[in-house]
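Asks: build me a structure from this.
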Amino acid sequence: MSFRSFTILIVLLFIAGIAACGPGSGSNGKTVITVAHWGEPVEERILRETLRVFEKEHPGLSVRMVKFPYDNYQSSLITRMSGKGSIDVLLMSSNFYPAFIEKKLLKNLTSLVNNDSEFDRNSYFPEIINEFTVNGSVYVVPRDISPIACVFYNKKHFSERGIPAPSEDWTWDDMKETAQKLTVTGDQGIERYGFYSGVWYNFVYGAGGEIVDTLINPHRCMLNSPNAQAGMQYFVDLVQKDHVSPDVSYVASYESGEEGMFIDGKVSMLHSGIWLAPVFAEQITDFEWDVVMFPKHPKTGRRSFDDGGSGYAIYAGTAHPEESWMVVKALAGDAAQTMLAQTGLVQPAKQTIAAGKSFLNPSVPPAGKDMLNRAVAYVHARPFTSKWADMEDCINQGIEEMLNGTRTVEDGMERMTQDINAALMQ
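Replies: Next comes the predicted model:
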């Protein structure tokens, strides 16, 4: 072999080596699938266990996890994927995915869903499947569904005041009256609040209001409508007029957040999501607690809950769509959802698992969480627009001004409407 031929051979072998170690290939010859995610340590543990079993069943595949903080998950991931970063599968929430869809970063999963005999879309709550479907195309396979319908309550406080436990049939007025009875005032002012919610959506939706004119690609904000204003007024009055809920400064000063206020007995009823249940089960030792469905409107009986479900999507530019689909099915499959359900952290997206013992186990509090399977019927999706994050920031800033009393609800809602309409026109 001539020196020139030998040199060419070395170069070709070097190039082949680079190709073998390129995106999606491991040094051991396995195909590498990279999964982006966020989550608590318990979620990460379940994710790793699911993937450990998956890799054992699929010896030709290796799955790598990349964790991003939830607060900047969307921006960090879009930047990485727009730069052709090595992401194949990504955990996706209903908050985030409109921006990914608009930038064409998510693969249309419809053909994979329809042509896979192992995948049964009817086993999922239709509400969460619909939330992750755009113009008839599925982009996310749900892992959980999270109607923010939980009102956690301190049973000790109720007993001390001689108040019966709230029933699922209660109304906003019942809740307010109960909160007034539970609120305790001392020499230094209010020592215990009867109720707290940081979730305004249920009040606006429950009063028949809407944020926008149409959920898919909205054109006009509707927060200045009479119904939306009435719902927001009720929410703000709990702080400003009725004094049964803590104000913004009190909540901000509580280092451990809303869950800390409930754990410490400073709030008797807390409106939030089921994800707080494991925290309460671990940290509350001096009183019993349970959960009831968020109440209905006192006049119309209407219920409508904000939803924060999540699931798994595939990057549109992945070099391994079939292998990524196999990973998605594992991460959103029965075994993974069952393990998550056993923690009490989330409500499974699959109906049979949500109705089974893994989620409804009576030994894992709260006892009343079966109401979440009924609450799914009342979930309300958020606007499907890539501008939603900015819209939500605008709304939250306006609400803070209303809760502080520096702006009336009427003025605040009108201001938000104008600002959001300007953003939607851009």
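
Asks: touching, M339 and R48? I think so.
Replies: No - here M339 lies out of contact with R48, judged by CB atoms under 8 Å, at a distance of 11.0 Å. To be clear about C-beta, it is placed using only N, CA and C from the backbone, and glycine gets the same treatment.

Asks: who are the contact partners of the nearest residue to F100 once chain neighbours are set aside?
Replies: Nearest residue to F100, sequence neighbours excluded (CB to CB, 6 or more residues apart in numbering): L106, at 4.9 Å. For L106, the contact set (CB atoms under 8 Å, 6 or more residues apart in numbering) comprises M92, Y97, F100, Y139, V140, A313, I314, Y315, A316.

Asks: excluding chain neighbours, what is closest to the fifth one?
Replies: It stands for V140. V140 sits nearest to F132 (CB to CB, 6+ apart), 3.7 Å away.

Asks: count the neighbours of the residue nearest to A207 when sequence neighbours are not counted for me.
Replies: In space, not counting the residues next to it along the chain, A207 is nearest to G231; the distance is 3.1 Å by CB to CB, 6+ apart. Burial measure for G231: 27 neighbouring residues, criterion other CB atoms under 10 Å.

Asks: state whether G231 is indeed within a helix.
Replies: Yes - checked against DSSP: H, G, I helix; E, B strand; the rest coil, G231 lies within a helix.

Asks: quick one, what contacts it?
Replies: Neighbours of G231 in contact, by CB under 8 Å, 6+ apart: W200, F203, V204, Y205, G206, A207, G208, G209.

Asks: right, and the second one touches Q229 too?
Replies: No - F203 is beyond contact range of Q229, at 10.7 Å (criterion: CB under 8 Å).

Asks: these two: which has the busier surroundings?
Replies: Applying other CB under 10 Å to F203 and Q229 shows that F203 carries more neighbours, namely 24 against 20.

Asks: which residues touch that one?
Replies: By CB under 8 Å, 6+ apart, the contact list for F203 reads W172, G231, M232, Y234, F235.

Asks: do the same with P383
Replies: Contacts of P383 by CB under 8 Å, 6+ apart are P98, I211, V212, L215, P218, M391.

Asks: picking up where we left off before, dump the contacts of L106 to CSV, plus pLDDT.
Replies: Formatted as CSV, these follow (pLDDT from 0 to 100):
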residue, pLDDT
M92, 96
Y97, 88
F100, 93
Y139, 97
V140, 97
A313, 98
I314, 97
Y315, 95
A316, 94
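
Asks: just the ones of the residues you listed in strands?
Replies: M92, A313, I314 (DSSP state E).

Asks: of those, select the buried ones using a ChimeraX command.
Replies: Selection of the buried residues among these in ChimeraX, burial being defined by 16 or more other CB atoms under 10 Å:
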select :92,313,314
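
Asks: and M402, how many neighbours?
Replies: Neighbour tally, M402, other CB under 10 Å: 25.

Asks: once you drop chain neighbours, what's closest to it?
Replies: G412 (4.5 Å).

Asks: can you count the residues close to that neighbour?
Replies: Neighbours of G412 using other CB under 10 Å come to 24.

Asks: and it, how far from T385?
Replies: 21 Å (CB to CB, to the nearest Å).

Asks: so what touches the host helix or strand of Q397?
Replies: Using DSSP states H and E, Q397 sits within helix 388-404. For helix 388-404, the external contacting residues (CB under 8 Å, 6+ apart) are 74, 95, 98-99, 200, 211, 221, 223, 232, 236, 239-240, 247-249, 382-383, 385, 407-409, 412-413, 415-416, 419-420, 423.

Asks: and the helix or strand following it with helix 388-404, angle?
Replies: Going down the chain from helix 388-404, the next helix or strand is helix 409-425, by DSSP H and E. Counting by axes from the mean of the first three to the mean of the last three CA atoms, to 10 degrees, helix 409-425 points 170 degrees away from the direction of helix 388-404.

Asks: okay, buried residues for helix 409-425 please.
Replies: Buried-residue list, helix 409-425, by 16+ other CB under 10 Å: V409, G412, M413, E414, R415, M416, T417, D419, I420, N421, L424.

Asks: residues contacting the fifth one?
Replies: Taking CB under 8 Å, 6+ apart, we find R415 in contact with G398, R407.

Asks: cutoff 6 Å now
Replies: Contact partners of R415, counting by CB atoms under 6 Å, 6 or more residues apart in numbering, are absent.

Asks: check the first one too.
Replies: When the contact criterion is CB under 6 Å, 6+ apart, the partners of V409 are Q229, M232, Q233, V236, M402.

Asks: pLDDT score assigned to it?
Replies: In this model, V409 is scored at 98, pLDDT.

Asks: need the phi and psi values for P365.
Replies: Backbone torsions of P365, given as degrees, to the nearest 10, read phi -70, psi 160.

Asks: torsion angles phi and psi at the nearest residue in space to it that is not next to it in sequence?
Replies: Using CB to CB, 6+ apart and skipping residues adjacent in sequence, the residue nearest P365 is A281, 5.2 Å away. Dihedral pair for A281: phi -60, psi -30, per degrees, to the nearest 10.

Asks: A281: neighbour count?
Replies: 14.

Asks: make 135 the starting number, not 1.
Replies: Let's use 135 as the start, then, which means that last one is A415.

Asks: circling back to that earlier point, and the residue nearest to F234, what are its bridge partners?
Replies: Y449 (DSSP bridges).

Asks: same check, this time on S227
Replies: S444.

Asks: and it, how close does it get to D424?
Replies: 27 Å.

Asks: do the same with D553
Replies: Counting by CB to CB, the gap between D553 and D424 amounts to 40 Å.

Asks: same check, this time on S438
Replies: 23 Å.

Asks: one step back: of the contacts of P517, select the buried ones using a PyMOL command.
Replies: Buried residues within the contacts of P517, by 16+ other CB under 10 Å, are selected in PyMOL with:
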select buried, resi 232+345+346+352+525
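
Asks: turn the contacts of P517 into JSON lines, columns for distance to D398.
Replies: Listed next are those as JSON lines, based on distance: CB to CB, whole Å:
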{"residue": "P232", "distance to D398": "37"}
{"residue": "I345", "distance to D398": "33"}
{"residue": "V346", "distance to D398": "38"}
{"residue": "L349", "distance to D398": "38"}
{"residue": "P352", "distance to D398": "40"}
{"residue": "M525", "distance to D398": "34"}
